[in-house]
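Chemist: Need a 3D model of the following:
(one chain, ligands or ions: 2)
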Amino acid sequence: MNPALAELHDKARAVLDPVHYDFFAGGVGDEVVLAENEAAFRSLALLPRVLRGGKIGTDFPVLISPTAFHKLAHPDGELATARAADGTVVVSSMASTVPIADVVAAATGPVWFQLYVQPDMAVTEELVRRAERAGCAALVVTADSPVFGRHRRDIEHGFHDLPAGLAAENMRDLAGVAGPRDIAMSADVSWEHIGRLRGMTSLPVWVKGVLHPADAVLAVEHGVAGIVVSNHGGRQLDLVPASLDALPAVADAVAGRVPVVLDGGVRSGGDIAIALALGATAVGIGRPVLWGLAADGEAGVRRVLDVLRDEFLHVLTMCGGVLSRDMVVHRGFRC
Ligand SMILES: Cc1cc2nc3c(=O)[nH]c(=O)nc-3n(C[C@H](O)[C@H](O)[C@H](O)COP(=O)(O)O)c2cc1C
Ligand SMILES: CC(C)CC(=O)C(=O)O
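Modeler: Numbers count the residues shown, from 1 in each chain. Ligands and ions are numbered 1, 2, ... in the order given. Next up is the predicted model:
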């Protein structure tokens, strides 16, 4: 992990209520996948290309992945995250503790709305309209959650409710129900719903939580605007591969037809470079944003993005400004 991010993590752990720290940090089951998401990056090395000359790009291919309940990390919650993003795409969780309209108003760059399709399609449609009215630039449908993941640490702490005064604000006053309603996960959600969403809105519809290449093909066939290869930061099923290990096959299946974002375990500029070399168009950052937010609010999130940007561009320059799959090898590989 980049040392500045490690420092923010340590500070976050020191200031957070331990139950809330564990909600953010934890994963499902034995947390095998949680650990492997990061370990997968460390098992790989880059073979740089040299003496290429020419100009190195300055694009920063990073999005802020959707994470719930930012007010558990800092009183300014998602407003601080949105302000800090400064042009970086914010994918705002449906379970945010600030209404989506306020998140968009605080952001200077694009905000995308992460959606769990609700079994009551009237509720889903109202959420879509809220995202549209707020000015969101895309919908990101999370597909890896037919049920809630069983987060061991939350179960041990008995943590399932937000403290008094905090709520999932986007879920307030929907389809005739006053006050916030619970987010429902449903195993009934299918590719057909992607079609229905596309019929409902002109916003681009992304799908998040794809690991199987056949699902990536289905996603393209159903007209998605992009795919997020993700195992939800090791929070849904503790039997899946590290998201990085699932990336190359998905990238091959998609074959450039839509962008492919990778999230899970990205903790340094070098990690971003490896993901891009293996076929990602960009990466999503989950927990490091929460650590920055908890440690130092808006300034902490800015620091996370600045550190990653600086380190990524440094690594890219070291690699001759190009990143391709032939440049990634396993550690211990002999030329
Ligand atoms: C505390 C927490 C809350 C999350 N909430 C959501 C959510 O509301 N919707 C969603 O699609 N993904 C959610 N995720 C998953 C993230 O979008 C992302 O896939 C994951 O955090 C990436 O891994 P990383 O934390 O290792 O960077 C959450 C992850 C964490 C850690
Ligand atoms: C409130 C939950 C739906 C947030 C989530 O997706 C998670 O904790 O991983």
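Chemist: Where do the helices of the stretch 1-150 of the chain begin and end?
Modeler: Ranges of helices within the stretch 1-150 of the chain are 3-15, 18-25, 32-42, 77-85, 100-106, 121-134, based on DSSP state H, counting those that start in this stretch.
Chemist: my guess is L34 contacts A40, does it?
Modeler: No. L34 lies out of contact with A40 (CB atoms under 8 Å); the separation is 11.6 Å. Every residue, glycine included, has its C-beta placed from N, CA and C.
Chemist: Just give the nearest non-adjacent residue to the residue positioned nearest the centre of the chain, would you?
Modeler: Centroid-nearest residue in the chain: S65, 2.4 Å away (criterion: CA atoms, centre = their mean). Spatially, and ignoring its direct neighbours in sequence, S65 is nearest to G284 (3.5 Å; CB to CB, 6 or more residues apart in numbering).
Chemist: now that neighbour: how far from V261?
Modeler: Distance of G284 to V261, computed by CB to CB, to the nearest Å: 6 Å.
Chemist: Between these two, which contacts overlap?
Modeler: Here G284 and V261 have 63, 228 as joint contacts, going by CB atoms under 8 Å, 6 or more residues apart in numbering.
Chemist: out of the helices of the stretch 1-150 of the chain, deepest packed?
Modeler: Among the helices of the stretch 1-150 of the chain, ranked by average contacts under mean count of other CB atoms under 10 Å, first place goes to helix 77-85 (a mean of 25).
Chemist: what does it rub up against?
Modeler: By CB under 8 Å, 6+ apart, helix 77-85 touches 64, 69-71, 74, 90, 92-93, 96-98, 102-104, 106-109, 111, 289, 292-293, 297-302, 305.
Chemist: Could you tell me which of these count as buried?
Modeler: Buried members of the contacts of helix 77-85, scored by 16 or more other CB atoms under 10 Å, are 64, 69-71, 74, 90, 92-93, 96-98, 102-104, 106-107, 111, 289, 292-293, 297-298, 300-302, 305.
Chemist: Would you state the strands of the stretch 51-200 of the chain in chain order?
Modeler: Using DSSP state E, counting those that start in this stretch, the strands of the stretch 51-200 of the chain run over residues 62-64, 89-92, 111-115, 138-142, 172-174, 177-180.
Chemist: who does the last one touch, helix- and strand-wise?
Modeler: The helices and strands touching strand 177-180, judged by 3 or more CB pairs under 8 Å, 6 or more residues apart in numbering; DSSP states H and E, are strand 172-174.
Chemist: on contacts alone, who are the packing partners of the strand it packs on?
Modeler: Looks like strand 172-174 contacts helix 121-134, strand 177-180 (3+ CB pairs under 8 Å, 6+ apart).
Chemist: Would you mark the buried spots in that strand?
Modeler: L174.
Chemist: can you check stretch 307-326 too?
Modeler: Residues of stretch 307-326 classed as buried: 307-309, 311-313, 315-316, 319-320, 323 (neighbour count, 16+ other CB under 10 Å).
Chemist: Among the residues you listed, which ones are in strands?
Modeler: Among the buried residues of stretch 307-326, no residue falls in strands (DSSP state E).
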